[in-house]
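In: dropping the sequence and predicted coords here.
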Amino acid sequence: MDGIIETVPGYATLLIHYDPLTVSFARVRDFLREKLLQAEETLSRKPRQIEVPVRYGGEEGGDLESAARHLRLQVEEVIRLHRQKIYTVFMMGFTPGFPYMGKLDDALVMPRLAMPRPRVRAGTVAIAGWQTGIYPLDSPGGWHLIGWTPLTLFDPRSDSPFLFAPGDEVKFIEEK
């Protein structure tokens, strides 16, 4: 819609920046009500079930051993706990195609890094707080890197540029 400058989604909120010289508050409100009705119609969409192959550890999963030490677990136990759950994609954000998924097993919960890295490779699987995610693009990142997947999460040339959508169910499969 003309006049909407930017939208910033959150878990339960949507911030909308708009130009009041281009569009009125009432028009933005009516537009959003219309979109909410359309969204309610799609809520009945059955979630897709997606398996994600992961090579745990290695160069892209360089925090796996330090995370295990922090959690007072063996590396194999961290991998087992990460793989045992089916995760729900709660929302997309941070970068195009980044899926925020949860909820991690309580034994894997740990804070974000104190200082984010300047670059994390696309495909890197990570954990932070009670969530797991996959970096879709090379980008900065402050999560603990535990593995890597060869899947492409974001392809702007595709008719469906995102691999995941909110509500999808994700199962991590260990790839050797």
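Out: Thanks, I have the structure now.
In: please count neighbours and contacts with C-alpha atoms only from this point.
Out: Fine.
In: isn't there a helix covering L32?
Out: Yes: checked against DSSP: H, G, I helix; E, B strand; the rest coil, L32 lies within a helix.
In: local confidence estimate at it?
Out: According to the prediction, L32 has pLDDT 91.
In: contacting residues for it?
Out: Counting by CA atoms under 8 Å, 6 or more residues apart in numbering, L32 touches no other residue.
In: cool, and K171?
Out: So K171 contacts 49-52, 83-87 (CA under 8 Å, 6+ apart).
In: now do the buried residues in the helix or strand bottoming out on mean pLDDT in the chain.
Out: The weakest-scoring helix or strand in the chain, judged by mean pLDDT, DSSP states H and E, is helix 25-42 (a mean of 85). Within helix 25-42, the residues that count as buried by 16 or more other CA atoms under 10 Å are V28.
In: hey, C-alpha coordinates of that helix in CSV?
Out: Presented in CSV, the C-alpha positions along helix 25-42 are these (Å, rounded to 0.1, in the frame of the first residue of the first chain):
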residue,chain,number,x,y,z
PHE,A,25,-4.5,6.4,9.9
ALA,A,26,-8.0,5.3,9.0
ARG,A,27,-7.0,4.0,5.6
VAL,A,28,-4.0,2.0,7.2
ARG,A,29,-6.4,0.7,9.9
ASP,A,30,-9.0,-0.5,7.3
PHE,A,31,-6.2,-2.0,5.1
LEU,A,32,-4.9,-4.0,8.2
ARG,A,33,-8.4,-5.2,9.1
GLU,A,34,-8.8,-6.5,5.6
LYS,A,35,-5.5,-8.3,5.8
LEU,A,36,-6.3,-9.7,9.2
LEU,A,37,-9.5,-11.3,7.8
GLN,A,38,-7.5,-12.8,4.9
ALA,A,39,-4.9,-14.1,7.4
GLU,A,40,-7.6,-15.7,9.5
GLU,A,41,-8.8,-17.6,6.5
THR,A,42,-5.3,-19.1,6.0
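In: what strands line up against the helix or strand just after that helix, and which way round?
Out: Sequence-wise, the next helix or strand downstream of helix 25-42 (DSSP states H and E) is strand 49-56. Counting by DSSP bridges, the strands paired with strand 49-56 are strand 144-148 (antiparallel), strand 169-174 (parallel).
In: just to revisit the earlier point, what's the offset of the least confident helix or strand of the chain from the middle of its chain?
Out: 25 Å (CA atoms, centre = their mean, to the nearest Å).
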